[in-house]
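1. just the structure for this:
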Amino acid sequence: MSSKHMNQTRLHVFVLLTLAFVSLPRNGMAQSDMLDHGRMGHAAFMTSTVSDYQCLSINPANLAFAPTLEYFTSSTPLETGIERITRRFSIGFGQVGASIRSDALDKTKLLDLVLQRGSAVNFTRNDQISLAQSFADRGIRVNADVMLVGVAYQTKKYGGIGFTVRERIGAAFLLNEGASDIIFRGRNAAYFDSSYTNWRGDTIGVARRPQLFSQLFDGTRLSLSWSREYALGYGLPLVTGRDWRLCFGVTGKFLQSFAYLDARAENGVFSASSALSPWFTINYGNATTPSAITGNNLVPVGEGYGVDLGLTYTSNTFALGVSVIDIGQMEYNGNVFAAGDTLVNGLGTPGFASYNFIDEAQKITGDGNYFVWSGLMQTTSKLPTRLRVGGSYSVSRFFRFGFDVMAPLNDGGANLSQAIVSTGVNYRPFSWLIIASGVGTGDGMNVFIPGSLTFSLLGGFLETGITTMDISSLFTDRLPVISAHLGFLRLRM
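-> The predicted structure follows:
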């Protein structure tokens, strides 16, 4: 298999998993948390501290942080102290972050899914039964953030300006008991209490008392979002005192979408809509759409605009910040489809045989065309608006403590399901090393322990580092959070 095909396959895994869930006899719904990944040098708190281009999509007010002189060691009669001026100009390339977490799988099985190995490639009947039970009222959440380029310039008097280009991918799949049973056991699911053989000799599972998608899968939700974000932000000091300043910031965003899906069954109501680039080669059966895009290239299927607003008070030792992120909406006008509520009946597949969702999804067929797609000219969705509040306190030039709270402000398909709270410490034992860690909880996670290492080299000119959302996942097997954020190159001048 070529490397190009392998890379495309890995992206398809999550898209086709979602579509398979929607196009099976079930109603789909899942949730993507779109967690903001740790920036270089930060782990448990960012809202009041992260600056330059890294504060875009966190708190744009921090662009107004003034360049200052940092002291690391004091001078003595025999030695010169170490001091460093905060750099005004910063530029970064290739900062990549990704995470996958599940309350349905242990760490070994989650790694098998990611790497498509071992238990993920050949399910036995017992595996299918076990997975159907494991995923009942549970799911998987995936997030990726790739910053292609980021630049910022900050001054003491006029504030700062920053620009980034990011690829942001979020997906989540939360299944109720009925959806999980049908996906993994297919026609052998308990829902199908009868069967027959069709003219091709295939066994078809039938429910003698069929239910609607909205009934059978109430509590299931699926979401998927992949967009390219162009963000331009400006932060300025509103009021300045002798050793403090109150800063305001705003970021404007233009987004191009390559994939969108929001499918849910909630409180007896089913809805599903999607817009996917033709690169994904999704088969919608006989359905057509007036917004069709020909070919198989990776092209945008929609675009939108967003705004971030932020306010930060900062002094020599204390900072408090608040921001509202992703105010706006997307409009999709390419390959737009929607699906309505219908009866769930007539399934021929024996269930998923592996985590190779590309192959498995093609086997999900219904005898009787129970799932009906219809084409649309366009559809819209809200951006996942979030509120961020955070504070931090510097005990000395070595230690800084802080906290962050991030909460959803709407029910957009890619938003958090509940608030996330975290607290931690940044420790700088040397001028060239920052160690950060903390503890947090929320959004379906019990407790997670973020951590990061950042290396500031050549007098602060070059920085590189790594961050993870949960150090404890390296040592425990239950409720894993597999994540990493790598900053390959960051220059400050």
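
2. pull the helix or strand in which residue 101 is found out as PDB, backbone CA atoms only.
-> In this assignment (DSSP states H and E), residue 101 forms part of strand 89-102. This file holds the C-alpha atoms of strand 89-102, laid out as PDB (Å, rounded to 0.1, in the frame of the first residue of the first chain):
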ATOM      1  CA  PHE A  89       8.900  39.200  17.000                       C
ATOM      2  CA  SER A  90       8.100  35.500  17.000                       C
ATOM      3  CA  ILE A  91       7.500  33.000  14.200                       C
ATOM      4  CA  GLY A  92       6.700  29.300  14.400                       C
ATOM      5  CA  PHE A  93       6.300  26.400  11.900                       C
ATOM      6  CA  GLY A  94       4.900  22.900  12.100                       C
ATOM      7  CA  GLN A  95       3.400  22.800  15.600                       C
ATOM      8  CA  VAL A  96       1.400  19.600  15.600                       C
ATOM      9  CA  GLY A  97      -1.000  18.400  18.300                       C
ATOM     10  CA  ALA A  98      -3.300  15.400  18.400                       C
ATOM     11  CA  SER A  99      -5.300  13.400  20.900                       C
ATOM     12  CA  ILE A 100      -7.600  10.500  21.100                       C
ATOM     13  CA  ARG A 101      -9.500   9.400  24.100                       C
ATOM     14  CA  SER A 102     -12.100   6.800  24.900                       C
END
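
3. mind checking the pLDDT average for it?
-> What strand 89-102 shows for mean pLDDT is 84.

4. who are the packing partners of it?
-> Judged by 3 or more CB pairs under 8 Å, 6 or more residues apart in numbering; DSSP states H and E, strand 89-102 is in contact with helix 107-115, strand 138-155, strand 481-492. Using the backbone N, CA and C atoms, a C-beta is placed for each residue, glycine as well.

5. winner for burial among the ones you listed?
-> Greatest average neighbour count among the helices and strands packed on strand 89-102 goes to strand 138-155 (a mean of 20), per mean count of other CB atoms under 10 Å.

6. next, the angle from it to strand 89-102.
-> Angle, strand 138-155 to strand 89-102, by axes from the mean of the first three to the mean of the last three CA atoms, to 10 degrees: 170 degrees.

7. other SSEs contacting strand 138-155?
-> Contacting strand 138-155 under the criterion 3+ CB pairs under 8 Å, 6+ apart are the following elements: strand 89-102, strand 159-175.

8. partners of the shortest one in the sheet?
-> So the one you mean is strand 89-102. As defined by DSSP bridges, the strand partners of strand 89-102 come to strand 138-155 (antiparallel), strand 481-492 (antiparallel).

9. ok, which of those comes nearest residue 453?
-> strand 481-492 (10.3 Å; CB to CB).

10. who's in contact with the closest one?
-> 37-40, 52, 87, 89-101, 107, 110-111, 114, 145, 445, 448, 452, 454, 460-470, 473 (CB atoms under 8 Å, 6 or more residues apart in numbering).

11. show me where the stretch 351-493 of the chain has helices.
-> 357-362 (DSSP state H, counting those that start in this stretch).

12. okay, and for it, where does confidence drop off?
-> Low-confidence segments of the stretch 351-493 of the chain (pLDDT under 70): 356-371, 413-414, 444, 476-480.
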